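Asks: would you be able to build a 3D model of this:
(one chain, ligands or ions: 1)
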Amino acid sequence: MSAVAKEWREIPARYNLEGSECGNCGRKYFPKRNMCPHCRRNGFGKMRPYDVSKKGKIFTFSIIHDAPEANRDLKPYAVAMVRTDDGLLISGQLTDVDLAQIEIGMRVRAVLRKLGDAGPSGIIHYGFKFVPDL
Ligand SMILES: [Zn+2]
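Replies: All right, here's what the predicted structure looks like:
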């Protein structure tokens, strides 16, 4: 399978915030896991797919002033830990927002966005970012 095909195949998992839920204890994980770390030693922990809520609020955040080479056009930008409405803590870049207006507790939702420009491989990376959910 080509790298481009692989990239497209992975989009649903990234965009839909596909996590996993333990069939034994019901704990939810993102990114998805193959085994529940809580139940593993009991021989349980069979996981099933779980779609994480795309909405939540900012738990904590950082303004990044020193962007990596590939993201020169983005800086400065904000990265947040978001507590989803179903209780998971996931990290992602905040976009479409005035950095000065970001605050803990702000409502956000996940959207599909381009993560970077095509490199030598010609692949454009997509994934989720968070935007204000007003
Ligand atoms: Zn479990």
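Asks: ramachandran coordinates for residue 100?
Replies: When quoted as degrees, to the nearest 10, the phi and psi of residue 100 stand at phi -70, psi -20.
Asks: give the burial count for it, as a bare number.
Replies: Burial of residue 100 is recorded as 7 neighbouring residues (other CB atoms under 10 Å). Quick note: C-beta positions are derived from backbone N, CA and C, even for glycine.
Asks: quick one, what contacts the closest residue to residue 91 other than its chain neighbours?
Replies: Closest residue to residue 91 apart from its sequence neighbours, by CB to CB, 6 or more residues apart in numbering: residue 81 at 5.2 Å. Residues in contact with residue 81 (CB atoms under 8 Å, 6 or more residues apart in numbering) are 58, 59, 60, 61, 89, 90, 91.
Asks: which ones among those residues map onto strands?
Replies: Counting by DSSP state E, the part of the contacts of residue 81 found in strands is 58, 59, 60, 61, 89, 90, 91.
Asks: list buried residues within those.
Replies: Taking 16 or more other CB atoms under 10 Å as the criterion, what is buried in the ones in strands among the contacts of residue 81 is 58, 61, 90.
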